[in-house]
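A.B. asks: Predicted model, plus sequence, below.
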Amino acid sequence: MSKFQFPKAIFSRPVYTVLERRVGSHHLMVADAEGGGALLDLAKSDSGLMADAHVIYIPKHTGDTYSKPLAAFAPGQFYIGSSYEASVARLRRTLLGAHMGLQVYLAGTEGLMGQVQSEAAQAGISPESIQSEHRGSVARRMQCVHCKGITEDVTVDPFVCGHCGLNLYVRDHYSRRLAAFQGVCVNAEDPGNVPKAKELYT
Amino acid sequence: MSGVEKIAVRVTNIVPLNALVTRFEFKRSDGLHFPTFSGGAHVVVEMQDGEILRRNPYSLMSDPADQSQYAISVRRDDEGRGGSLFMHRSVSVGDEMLISNPVNLFALDLRARKHLMIAGGIGITPFMAQIKQLSRTNGNWELHYASRNAALASYGSELMAQHPNGVHIYYDDDKQSIALEALLKGQPLGTHLYICGPKGMINWVRDTAKKAGWPHEAIHYEEFLAPQSGKPFEVKLAQSSMVIQVGENQSLLEAIEAAGVDAPYLCRGGACGQCETAVIGYDGKFLHNDHWLTNEEKASGHKIMPCVSRFEGKTLVLDR
């Protein structure tokens, strides 16, 4: 599953586009897994772009499928991170030293794009001026509205909160600040009755 | 009654600043406090100029937290339709006037990490209030102010004395100009840009910022358009079933109001969108002067902004 068309949902739910080159003095690109493919498409559309680009890429399960061809475009700065957590210090340092004229491009999973967008908003970039393209897994980063714990990579609905163990139903209600969808107890009024978990979007 | 609620005020002080600009200070006639406002807000001042009721918007330039008085600074426009001339020549200390409550179409975006202000001439006024607001909260800001010369740079020396590190002034007569490209290039992430001044300056700054990759959410500008004079024309108001004449030096909105029809308005300068009026039929050509309608809307012939736009031709029927 590389490109996925999300069904129309409530206003809160983020929507994604296809990355396009924008005028700017510097270009920060952050992607994970299949998101590398979106950066490759962008680089192919305008090869001159990559010389001014700082690429932060987290391959996850994709090995060097995308990192090798990305490196071939010789980005100005190219960093391969083992995880988002390992890359976030570099991201923050980059935003701290950045100037107006920086363009931000995000690609890959919702959890990654949401977290980078939240970091960028804290650095003063309005979310509307950031481009993001979804690729790869439709897994969600979920916040339990009861214990506030975050569970990553949720692919089924309902799911069990990784922190308090409640059975949570997956909402489209999204927090930009937390970069997480909201999970609400599915069986609060009828404790014994938990619906059978289903893969998201099946 | 259209527009925002009005406040009766007394003129308490008139201070000429230079050959062109005079400050007017107001206190409330009822002795109460004014509401606080946010920097960048304007009031609409009503002027009874003989038979004509003029309503002109002016940026508040007093301290937004000072509820004891409001102040505006008015540049005399000898070529204009007469509002600023009326303020300069006919208003005296002690006069009773009506002003609107403050309305802000040029507010600071307080999510910004830094506020970069570009002023040209009398465009300094909204920044006077914004700087007072930001100084109180220890905000991060910088002002670049272009004026013809030192004598005409209203509040220039006051600003330089109070904020020697934040204020940069440029004099046209000395061939000084803002090194805009370098200035924009050096701004930290999260900077918002604010521009108030003549049209040419606003366009220059907006275009340069766009070319440097600034997102449009971070670019704010304010330009009050004065209604243009033009050929007189006739308008049919369908809802009110009357036919009115718009005079040479009168705006369409003023003509509608003079006929006793209550039409919505807020800024009276083509910016806020409040007076947007549907066109039912026309035979002729529109002279659109606002920056509210999109180019498509202007071309469609379905809408007009009566505060600043005019019409030339045989018939115009409005849904008013």
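C.D. replies: Great, that's in hand. Residues are numbered from 1 along each chain as shown, chains lettered A, B, ... in the order given.
A.B. asks: Partner strands of the helix or strand encompassing B:P57 and their direction?
C.D. replies: Using DSSP states H and E, B:P57 falls within strand B:52-59. According to DSSP bridges, strand B:52-59 forms sheet pairs with strand B:41-49 (antiparallel).
A.B. asks: and the strand it pairs with, what's its mean pLDDT?
C.D. replies: Taken as a whole, strand B:41-49 carries a mean pLDDT of 94.
A.B. asks: Same question for stretch B:214-230.
C.D. replies: 88.
A.B. asks: Pull out the buried positions in that stretch.
C.D. replies: Residues B:214-215, B:218-227, B:230 are the ones in stretch B:214-230 that count as buried (16 or more other CB atoms under 10 Å in any protein chain shown). Just so you know, the C-beta spots here come from the backbone N, C-alpha and C atoms, and that holds for glycine as well.
A.B. asks: Let's see that stretch as PDB, backbone CA atoms only.
C.D. replies: The C-alpha coordinates for stretch B:214-230 follow below in PDB (Å, rounded to 0.1, in the frame of the first residue of the first chain):
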ATOM      1  CA  TRP B 214       7.700  33.900   2.600                       C
ATOM      2  CA  PRO B 215       4.300  32.100   3.100                       C
ATOM      3  CA  HIS B 216       1.300  34.500   2.600                       C
ATOM      4  CA  GLU B 217       0.000  33.600   6.100                       C
ATOM      5  CA  ALA B 218       3.100  35.600   7.400                       C
ATOM      6  CA  ILE B 219       2.500  38.700   5.300                       C
ATOM      7  CA  HIS B 220       0.000  41.300   6.600                       C
ATOM      8  CA  TYR B 221      -0.700  44.700   5.100                       C
ATOM      9  CA  GLU B 222      -3.200  47.600   5.400                       C
ATOM     10  CA  GLU B 223      -4.000  50.200   2.800                       C
ATOM     11  CA  PHE B 224      -7.000  52.300   3.300                       C
ATOM     12  CA  LEU B 225      -8.300  53.400  -0.100                       C
ATOM     13  CA  ALA B 226      -9.900  56.800  -0.300                       C
ATOM     14  CA  PRO B 227     -12.900  56.700  -2.500                       C
ATOM     15  CA  GLN B 228     -12.100  58.100  -6.000                       C
ATOM     16  CA  SER B 229     -14.000  61.000  -7.500                       C
ATOM     17  CA  GLY B 230     -15.500  60.300 -10.900                       C
END
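A.B. asks: helices or strands next to the helix or strand containing A:A120 in the packing?
C.D. replies: According to DSSP H and E, A:A120 maps onto helix A:110-122. Packing contacts for helix A:110-122, counted by 3 or more CB pairs under 8 Å, 6 or more residues apart in numbering or on different chains; DSSP states H and E, involve strand A:26-32, helix A:84-97, strand A:102-108, strand A:131-134, strand A:140-144.
A.B. asks: Touching, A:I125 and A:V104? I think so.
C.D. replies: Yes - counting by CB atoms under 8 Å, A:I125 does reach A:V104; the two are 6.4 Å apart.
A.B. asks: so who does B:Y221 touch?
C.D. replies: B:Y221 makes contact with B:F106, B:Y194, B:I195, B:C196, B:I202, B:V205, B:R206, according to CB atoms under 8 Å, 6 or more residues apart in numbering or on different chains.
A.B. asks: try 7 Å
C.D. replies: Residues near B:Y221 by CB atoms under 7 Å, 6 or more residues apart in numbering or on different chains: B:I195, B:C196, B:I202, B:R206.
A.B. asks: Kindly indicate whether it is helix, strand or coil.
C.D. replies: Recorded secondary structure, B:Y221: strand (DSSP: H, G, I helix; E, B strand; the rest coil).
A.B. asks: try the one 5 residues further on
C.D. replies: The local conformation at B:A226, judged by three-state DSSP, is coil.
A.B. asks: One more: B:T315?
C.D. replies: From three-state DSSP, the assignment for B:T315 is strand.
A.B. asks: Can you report phi and psi for B:D63?
C.D. replies: phi -70, psi 120 (degrees, to the nearest 10).
A.B. asks: from what I can see A:G76 touches A:G48, true?
C.D. replies: No - with contact defined as CB atoms under 7 Å, A:G76 does not count as touching A:G48 (11.4 Å).
A.B. asks: Those two: who's more crowded?
C.D. replies: The neighbour comparison of A:G76 against A:G48 (other CB atoms under 10 Å in any protein chain shown) goes to A:G76, with 13 against 8.
A.B. asks: returning to what we had before: restrict the strand holding B:P57 to CA atoms and write it as PDB.
C.D. replies: The C-alpha coordinates for strand B:52-59 follow below in PDB (Å, rounded to 0.1, in the frame of the first residue of the first chain):
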ATOM      1  CA  ILE B  52     -22.300  66.400   3.800                       C
ATOM      2  CA  LEU B  53     -21.800  63.700   6.400                       C
ATOM      3  CA  ARG B  54     -18.300  62.300   6.000                       C
ATOM      4  CA  ARG B  55     -17.100  59.100   7.600                       C
ATOM      5  CA  ASN B  56     -13.300  58.500   7.300                       C
ATOM      6  CA  PRO B  57     -11.300  55.600   8.900                       C
ATOM      7  CA  TYR B  58      -8.200  56.500  10.900                       C
ATOM      8  CA  SER B  59      -5.800  54.100  12.700                       C
END
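A.B. asks: Quick one: name whatever helix or strand follows that strand.
C.D. replies: Next helix or strand after strand B:52-59 toward the C-terminus (DSSP H and E): strand B:70-75.
A.B. asks: What is the burial count for whichever residue of chain A sits closest to chain B?
C.D. replies: Closest approach between chain A and chain B, counting by CB to the nearest CB: A:G124, at 1.7 Å. By other CB under 10 Å, the residues close to A:G124 number 20.
A.B. asks: Which strands or helices does the longest strand anywhere in chain A pack on?
C.D. replies: Ordering each strand of chain A by length in residues (DSSP state E) puts strand A:167-175 first. Counting contacts by 3 or more CB pairs under 7 Å, 6 or more residues apart in numbering or on different chains; DSSP states H and E, strand A:167-175 packs against strand A:140-144, strand A:159-160, strand A:180-185.
A.B. asks: Average pLDDT for that strand, rounded please.
C.D. replies: pLDDT averaged over strand A:167-175 gives 96.
A.B. asks: what are the pairing partners of it, and which direction each?
C.D. replies: strand A:159-160 (antiparallel), strand A:180-185 (antiparallel).
A.B. asks: now the angle from the longest one to helix A:110-122?
C.D. replies: Read that as strand A:180-185. When axes from the mean of the first three to the mean of the last three CA atoms, to 10 degrees is applied, the directions of strand A:180-185 and helix A:110-122 differ by 120 degrees.
A.B. asks: got the CA positions of strand A:180-185 in CSV?
C.D. replies: Extracted in CSV, the C-alpha atoms of strand A:180-185 (Å, rounded to 0.1, in the frame of the first residue of the first chain):
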residue,chain,number,x,y,z
ALA,A,180,-2.4,12.3,17.5
PHE,A,181,-5.9,11.1,16.9
GLN,A,182,-8.2,10.6,19.9
GLY,A,183,-9.1,7.2,21.3
VAL,A,184,-12.2,6.9,23.4
CYS,A,185,-13.3,4.0,25.6
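A.B. asks: Residues touching that strand, excluding its own?
C.D. replies: Contacts for strand A:180-185 (CB under 7 Å, 6+ apart): A:140-146, A:150, A:161, A:166-175.
A.B. asks: Now do it, average pLDDT.
C.D. replies: Here the average pLDDT along strand A:180-185 is 97.
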